[in-house]
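In: Predicted model, plus sequence, below.
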Amino acid sequence: MSTENCKDCETSEESSARLERIYEYLDGALSREDIEEVQSHLQACPECASDYDLECLIRSSVRRSCVERAPETLKVTIIERISQIRVEAGHE
């Protein structure tokens, strides 16, 4: 990713961290404050905005290509296992 237009993404470590934040943003794994920070950065940084757009296209293509659904029994098994782990960890 070119970083000539964005001082927040000058090093490869910074740009890698920004890309990771974009993934977290798309996954819905950020706090409200972090979401606002990422949105602000995307508006100011054409390089990261381009990476964001590309990731959106990739995810959209994958969703369209993956029409097969997992069996309902898999969902039940996963939920039961999560509950079991929570009980074992003392969270329930």
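Out: Now that the structure is in, tell me what you want to look at.
In: From now on I want contacts and neighbour counts done on CA atoms only, so please keep to that.
Out: OK.
In: what about this structure, any weak spots by pLDDT?
Out: For the chain, applying pLDDT under 70 flags the ranges 1-5, 91-92.
In: where along it do the helices fall?
Out: 12-27, 32-44, 46-65, 72-88 (DSSP state H).
In: how about the first one: buried residues?
Out: Judged by neighbour count using 16 or more other C-alpha atoms under 10 Å, the buried positions of helix 12-27 are 15, 18, 19, 21, 22, 23, 25.
In: Next, residue 45: phi, psi?
Out: The phi and psi values for residue 45, taken as degrees, to the nearest 10, are phi -120, psi 100.
In: Please verify my assumption that it contacts residue 18.
Out: No: judged on C-alpha atoms under 8 Å, residue 45 makes no contact with residue 18 at a distance of 10.5 Å.
In: circling back: could you dump the buried residues of helix 12-27 to TSV with distance to residue 73?
Out: Formatted as TSV, those follow (distance: C-alpha to C-alpha, whole Å):
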residue	distance to residue 73
15	41
18	38
19	35
21	33
22	33
23	29
25	30
